[in-house]
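S.K.: Whatever this is, show me its structure:
(chains A and B)
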Amino acid sequence: MLARIAQELFWLGRDLTRAEQTARMLDGAFHADVAGGEGSAGARRSGIALSWNGVLAVIGAKPPAPGEEVAEVAVAGSASLAPAGPLGRREIAPLLTLDTESPASVVSCVYRARERARTLRDVISAEMWEALNAFYLSLSRYDLEAALATGPYSVYQEVKERCALFWGLLEKTMLRDEARSFLNAGGRIEEADMVLRMLRVAVPVAEEPAAVGSPPQTHESEALSLLHAVGGFQAFRRHLRRAPTLESVSSFLLYESQYPGSVLAAFEYLREALETADPAPRSAPPVLRLGRLIADLELQQRTAVRPERLFQILVSVQDELEVIDREIDERYFTVAATVAAFRLEHPRPNDRHSR
Amino acid sequence: MVIGQIPTLSWPRMPTDLLTDGYLIPEGCCDELLEHGGEPRAHVAALVETLRRMGPTALQEAGRRRDAIFMQQGITFEVAGTDGARRDRPFPLDLVPRVLTAAEWRVIKRGLAQRIRALNAFVDDVYHGREIVRAGVVPWSLIVSRPSFARPVHGIRAPGGVYAHVSGCDLVRGGDGGWRVLEDNVRTPSGISYVLENRLAMTRLMPELFAGQRVRAVEHYPSLLLEALQAVAPAPEGEPTVVLWTPGPLNGAYFEHAFLAREMGIELVEASDLVVRDSVCYMRTTAGLRRVHTIYRRLDDDFIDPLEFRADSVLGVPGLVRAYRAGAVAIANAIGTGVADDKAIYHYVPEMIRFYLSEEPILENVPTYLLSDERARGRVLDRLHELVIKPTSESGGKGVFIGPQASAAELAAEARVIQAHPDRFIAQELVHLSTAPTETSDGRLAPRHVDLRPFAVFGEELRIVPGGLTRVALKEGSMIVNSSQGGGSKDTWVLDDGELTEPLQAGVAAREPPKLPDVRFGGWHGQAQQQQ
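M.R.: Below is the predicted model:
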């Protein structure tokens, strides 16, 4: 299959999954903010989980410069009622949902996915294309800004449903071939990456004095919002039958291969997809590295990980995932010269991993 | 008094004023959100302001979305139509929340905890030493004549001495603004699922109402309940197996059963799933029989074991009481708990509190008269047009007779019924239930009567979820709030004054989210433009 097609499929999967994960996370953050009551204040106080700043950090988006976005949004509601202090839901939810200027917003992700699908209409099934195109059209048709102001839940619900429709149609209508593997690989690597990012924001750094000296805190409401933000609440409950603590939720989301949204499960799906796509998987660096990473995670799951090490583990898993990402690029998509030239022009902070 | 006629100085008048158009607080009642002058109480000023700004149209629009969401999620209530056919309708959630201050809630919470401890001690006493009877506080003849008195559990001590694991008391606020207990529910009180779903729905439908408020969370209830059920399980080793026992999908509260089982991640079982062998209770699984340690049952004593209670019950598990007696299974709420929430026993609860806890009751009863007493009966019959008559062993608002709303013929008929079976009824003074602004079909707000049912969970310790279920009589002037009788509900907020939250921890406060690597943007076409 053409490298260009493979890469577009891979990124179609990534963009769509990113849209869905972002929507879920915003929904979770929104709920934690509104329903937690003390949630927003509490999250800010303990610096944990889905504070709005945390959401921004996950997406890696820049907060709007004071004055521009904020002023525009504040017109809708009364400025006097807006929560004081750092940026809140009034600014960040629209920024990450609707803003076509911001490449990280849900809408931008869907637009990009649709643009890619347009060039892939001969590869993906017609039903998949129609589902995605209808998704795109529905986003541009109704007044998202008003919908977001009155009830963001319905907006995020729509995103989740439309994404599920696309992946469901893939299962039902697409040939089990290379193309499907790249699409799946993109979806899964993005899923793992997003969950890792959320965990990194939620899990406190071990060196902090409070985390060492004070009795272990359960952070139940933060753990709950983390679960809601990936849609894993019910799965967690059925699996563990225990009140969610930050520790149990983190290891569930990282290690529990029975839960399809966990990092480990996403890695396993990713490996399966790459093994199908690669003509010689036994000598493919990303597949080999992924195998080692999966084995590492399985080992950690079986040997109790001390909570204070968790943060470090998350960092190293994500570093490793970046290398895998790079290796996927190099093995399947890269016309080496283009990328090399590009890198010279735009050195990136994570280049330290390339060997 | 028509509030619209009274000039309010504090805020400017809006062209479409949602609240003040003809908002008329009934005589002798107090309102939860508004003062008699029509101004909002201090703690809800911001809320009322937001509602006013929204106006009737936005409220109606939110109402339509609410009904659609509830129907889609299957949060419905089955009602019999006029033609007798039963159909689902969306659970009527009113979009205007009911708000309690932190100080007010502290009193309610203490009063409830006290009351539930006393009720629990009473159940233990009734089936063991009967000290309260020997002390002459509650007559034994009254206790044994209660239909819910369970002879088969005499002498059985529930694990941890807890009988009323889950309870809900119905509170009302009278015209003087004081709280009173109208009824205790220590059998299988329902409604907690609506508390949780109401809050979820409100955050989705009306997020703007929460702006600038600190409302205490309720979503941890399933965790509290599961912990309590695990705490009383007779299982020293490993993790106890807890199940929720439902009478089946035809039960009116089946939604709640399924909801709680889902939220707790436990099995939702029916009688045919449970079996007792050698005084041990098991459930039938694909991997064979599996031991059950705690059963959270949502059906009445009468039906749980055909060997001990009603022999014609097909919903029961034969031998369950035997297993219970052997201490092999915990049942929540314990068998025989119902004796404590009988409407005739209710009269004695303040005495129970004094007797068992040596404390003065924090929450008062509504003045109640037992009609089996001849002199009291005479006085009640003279004042029948002023009183409320309730059958002692009914629930759900069935058979409640409200004197002031009855015609002369109805009064005469009720008097005859009372004289025929005086021990089946109690009489209570009419409480002028407080009102709260409630949406009407045209999007305006009107006062409707409300009560409050907070929920308590008793495992290792007694925990009460902030707020509870506010039920509201949707018919104008009606004081019957039961959902089976056309009642709705409101989201109930307990404001957080900061006193109950954990103190700031030094060192953690300033933590910023860690710096993560940038997200990647890629693809063949867009690479050069989009990568950063």
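
S.K.: from here on, contacts and neighbour counts on C-alpha atoms
M.R.: Fine.

S.K.: if I pick residue B:233, what's in contact with it?
M.R.: By CA atoms under 8 Å, 6 or more residues apart in numbering or on different chains, the residues touching residue B:233 are B:159, B:240, B:242, B:293, B:294, B:329, B:330.

S.K.: now do 7 Å
M.R.: B:240, B:293, B:294, B:329, B:330 (CA atoms under 7 Å, 6 or more residues apart in numbering or on different chains).

S.K.: could those residues go into CSV alongside distance to chain A?
M.R.: Shown next, in CSV, are the contacts of residue B:233 (distance: CA to the nearest CA, whole Å):
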residue, distance to chain A
B:240, 10
B:293, 14
B:294, 14
B:329, 19
B:330, 18
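
S.K.: Just give me the neighbour total for residue B:423.
M.R.: 18 (other CA atoms under 10 Å in any protein chain shown).

S.K.: Is residue B:451 part of a helix or strand, or is it coil?
M.R.: Counting by DSSP: H, G, I helix; E, B strand; the rest coil, the backbone at residue B:451 sits in strand.

S.K.: which residues pair with it across the strands?
M.R.: Counting by DSSP bridges, residue B:451 is bridged to residue B:471.

S.K.: ok, now the one 5 residues further on?
M.R.: Counting by DSSP bridges, residue B:456 is bridged to residue B:167, residue B:464.

S.K.: So it is in contact with residue B:166, correct?
M.R.: Yes - in this structure, residue B:456 is within contact of residue B:166 by CA atoms under 7 Å, at 5.8 Å.

S.K.: if we can go back for a sec, now, which of the contacts of residue B:233 sits nearest residue B:519?
M.R.: residue B:240 (43.8 Å; CA to CA).

S.K.: Let me have the contacts of residue B:233 in TSV, extended by neighbour count, pLDDT and distance to residue A:235.
M.R.: Below are the contacts of residue B:233 laid out as TSV (neighbours: other CA atoms under 10 Å in any protein chain shown; pLDDT from 0 to 100; distance: CA to CA, whole Å):
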residue	neighbour count	pLDDT	distance to residue A:235
B:240	19	91	19
B:293	24	94	22
B:294	25	95	22
B:329	28	93	27
B:330	27	93	26
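
S.K.: Show me these that map onto strands.
M.R.: B:294, B:330 (DSSP state E).

S.K.: I'd like the contacts of residue B:233 laid out as TSV, including distance to residue B:486.
M.R.: As requested, those are exported to TSV (distance: CA to CA, whole Å):
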residue	distance to residue B:486
B:240	40
B:293	38
B:294	35
B:329	38
B:330	36
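
S.K.: residues in the stretch 151-300 of chain A within reach of chain B, list them.
M.R.: Within reach of chain B by CA under 7 Å from any CA of the partner chain, the stretch 151-300 of chain A has these residues: A:151, A:153, A:201, A:209, A:210, A:234, A:237, A:238, A:241, A:243.

S.K.: Of those - the most surrounded one?
M.R.: Busiest of these [other CA under 10 Å] is residue A:201, holding 27 neighbours.

S.K.: Quick check: that residue touching residue A:55?
M.R.: No - taking contacts as CA under 7 Å, residue A:201 lies outside contact range of residue A:55: 8.2 Å.

S.K.: Residue B:212: helix or strand, and which one exactly?
M.R.: If you go by DSSP states H and E, residue B:212 is not part of any helix or strand.

S.K.: and if you look at residue A:267?
M.R.: Assigned by DSSP H and E, residue A:267 falls in helix A:263-277.

S.K.: Which helix or strand lies directly C-terminal to that helix?
M.R.: helix A:285-302.

S.K.: buried stuff in that next one?
M.R.: A:285, A:286, A:287, A:289, A:290, A:293, A:294, A:297 (16 or more other CA atoms under 10 Å in any protein chain shown).

S.K.: likewise stretch A:167-177?
M.R.: Those would be A:167, A:169, A:170, A:174, for stretch A:167-177 by 16+ other CA under 10 Å.

S.K.: quick check: mean pLDDT across that stretch?
M.R.: What stretch A:167-177 shows for mean pLDDT is 93.

S.K.: Quick one: distance of that stretch to the chain centre.
M.R.: Remark: stretch A:167-177 is offset 22 Å from the chain centroid, using CA atoms, centre = their mean, to the nearest Å.

S.K.: which other residues reach the stretch of helix or strand residue B:447 belongs to?
M.R.: Assigned by DSSP H and E, residue B:447 falls within strand B:445-453. Applying CA under 7 Å, 6+ apart, the contact partners of strand B:445-453 are B:18-19, B:23-25, B:168-172, B:433-440, B:468-474, B:476-479, B:481.

S.K.: Give the buried subset of the residues you listed as a PyMOL selection command.
M.R.: Listed next is the PyMOL selection for buried residues among the contacts of strand B:445-453, using 16+ other CA under 10 Å:
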select buried, chain B and resi 18+19+23+24+25+168+169+170+171+172+433+434+435+436+437+438+439+440+468+469+470+471+472+473+474+478+479+481
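
S.K.: list the contacts for residue B:105?
M.R.: For residue B:105, counting by CA under 7 Å, 6+ apart, the contacting residues are residue B:494.

S.K.: all helices in the stretch 51-200 of chain B, in order from the N-terminus.
M.R.: For the stretch 51-200 of chain B, the helices defined by DSSP state H, counting those that start in this stretch cover B:102-126, B:131-134, B:140-144, B:192-205.

S.K.: Pick the most deeply packed of the ones you listed.
M.R.: helix B:192-205 (a mean of 22; mean count of other CA atoms under 10 Å in any protein chain shown).

S.K.: Next, the angle strand B:445-453 makes with it.
M.R.: Counting by axes from the mean of the first three to the mean of the last three CA atoms, to 10 degrees, helix B:192-205 lies at 140 degrees to strand B:445-453.

S.K.: Could you identify the helix or strand that succeeds helix B:192-205?
M.R.: Next helix or strand after helix B:192-205 toward the C-terminus (DSSP H and E): helix B:221-231.

S.K.: Do the helix or strand that that following helix is followed by and chain A come into contact?
M.R.: Using DSSP H and E, the helix or strand that directly follows helix B:221-231 along the chain is strand B:242-245. No - taking CA under 7 Å from any CA as the criterion, strand B:242-245 and chain A are apart, separated by no less than 9.3 Å.

S.K.: Figure out the helix or strand that residue B:492 lives in.
M.R.: Here residue B:492 is assigned to strand B:487-494, by DSSP H and E.

S.K.: Name the nearest residue to the residue nearest the centre of chain B, ignoring sequence neighbours.
M.R.: By CA atoms, centre = their mean, chain B has its centre lying nearest to residue B:453, at 3.8 Å. Spatial nearest neighbour of residue B:453, excluding adjacent residues (CA to CA, 6 or more residues apart in numbering or on different chains): residue B:170 at 4.6 Å.

S.K.: so what's that neighbour up against?
M.R.: The neighbours of residue B:170, taking CA under 7 Å, 6+ apart as the test, are B:181, B:182, B:183, B:184, B:451, B:452, B:453.

S.K.: which residues does the third one bridge with?
M.R.: When you say that, I think you mean residue B:183. For residue B:183, the beta-bridge partners are residue B:170 (DSSP bridges).

S.K.: That one and residue B:172 touch, don't they?
M.R.: No - the criterion here is CA under 7 Å, and residue B:183 misses it with residue B:172 at 9.5 Å.

S.K.: pLDDT below threshold where in the chain?
M.R.: Let's take chain A. Per-residue confidence for chain A (pLDDT under 70) gives these ranges: A:35-50, A:61-88, A:206-221, A:335-355.

S.K.: my bad, chain B
M.R.: Where chain B drops to pLDDT under 70, the residues are B:1-21, B:78-84, B:237, B:394-397, B:484, B:498-512, B:524-532.

S.K.: circling back: right, and out of the contacts of residue B:233, which lies closest to residue B:252?
M.R.: Nearest to residue B:252 among these: residue B:294, at 23.3 Å, using CA to CA.

S.K.: Quick check: bridge partners of the closest one?
M.R.: Where residue B:294 sits in a bridge, its partners, by DSSP bridges, are residue B:242, residue B:330.
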